[in-house]
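Q: Fold the following, please.
(2 chains)
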Amino acid sequence: DTGVSQDPRHKITKRGQNVTFRCDPISEHNRLYWYRQTLGQGPEFLTYFQNEAQLEKSRLLSDRFSAERPKGSFSTLEIQRTEQGDSAMYLCASSLDVPYMNFGPGTRLTVT
Amino acid sequence: AQSVTQPDIHITVSEGASLELRCNYSYGATPYLFWYVQSPGQGLQLLLKYFSGDTLVQGIKGFEAEFKWSQSSFNLRKPSVHWSDAAEYFCAVVPRGAGSYQLTFGKGTKLSVIP
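A: You can find the predicted model right below:
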């Protein structure tokens, strides 16, 4: 069990640029989640995959956000035309078919 | 509305003192209950969980939590705090019957430990 990994750990970008984050889940886990955490808040659910199918998306996931999980392995989260309000920690988590999950270390995004 | 409330934003305790972090939830049926810990700049680690059965659950790092149905609470406790326990603690729930198992978190309680 090597844990959930995320890349990059930190990203600084200018407003209007596109960014992409990667998450590698624990290998046997079929479920993968993305959460966003802003300062002083708990993580908020963004989206959820079961294998390669994206089954649920939060209303927080605007049209500028897109997530994929090709072949049910790693996942990517892309933000287009970034805004300062997108600055946050983006957390990935994975699990089996159980109501608890393993989190990665997160990607901290700063939009200047 | 469904919610998770952690009433204490910041708690400071002396090393060796006991600790209790509060969590209340507002859901129609008792959800699955969790406590996670987050060290600075890190992801979240599961401390303990409650699904059913014994209302006092033991977790990692010497933590325990007690589920009280009458108070809709799931408070986290530790009898003797160590300096390494300084972190942010999040209470979280998953509604029963939710197919996605997505977590809803409280806003967190930041724990500072005085040596």
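
Q: Can you name the residue of chain A nearest to chain B?
A: Across chain A, no residue is closer to chain B than residue A:42, which sits at 3.0 Å (CB to the nearest CB). C-betas here are computed from N, CA, C, even on glycine.

Q: bridging residues for the residue lying closest to that residue once chain neighbours are set aside?
A: With sequence-adjacent residues excluded and distances taken as CB to CB, 6 or more residues apart in numbering or on different chains, residue A:42 is closest to residue B:105, at 3.0 Å. On the basis of DSSP bridges, residue B:105 takes part in beta bridges with residue B:92.

Q: Can you get me a residue count around residue B:105?
A: Residue crowding around residue B:105 was assessed by other CB atoms under 10 Å in any protein chain shown; the count is 21.

Q: Which SSE is immediately downstream of the one helix or strand residue B:46 maps to?
A: Secondary-structure element containing residue B:46, defined by DSSP states H and E: strand B:44-50. Toward the C-terminus, strand B:44-50 is succeeded by strand B:56-58 as the next helix or strand (DSSP H and E).

Q: any residue of that following strand up close to chain A?
A: No. Remark: strand B:56-58 sits outside contact range of chain A, by CB under 8 Å from any CB of the partner chain, the gap being at least 12.6 Å.

Q: same check, this time on stretch B:22-35
A: Yes. Part of stretch B:22-35 sits close enough to chain A to count as contact by CB under 8 Å from any CB, namely B:32, B:34.

Q: model confidence over that stretch, on average?
A: Confidence over stretch B:22-35 (mean pLDDT, whole number) is 93.

Q: cool, and stretch A:27-42?
A: Average pLDDT, stretch A:27-42: 94.

Q: thinking again about what came up before, burial count for the residue of chain A closest to chain B?
A: Summarising burial for residue A:42: neighbours were counted as other CB under 10 Å, giving 22.
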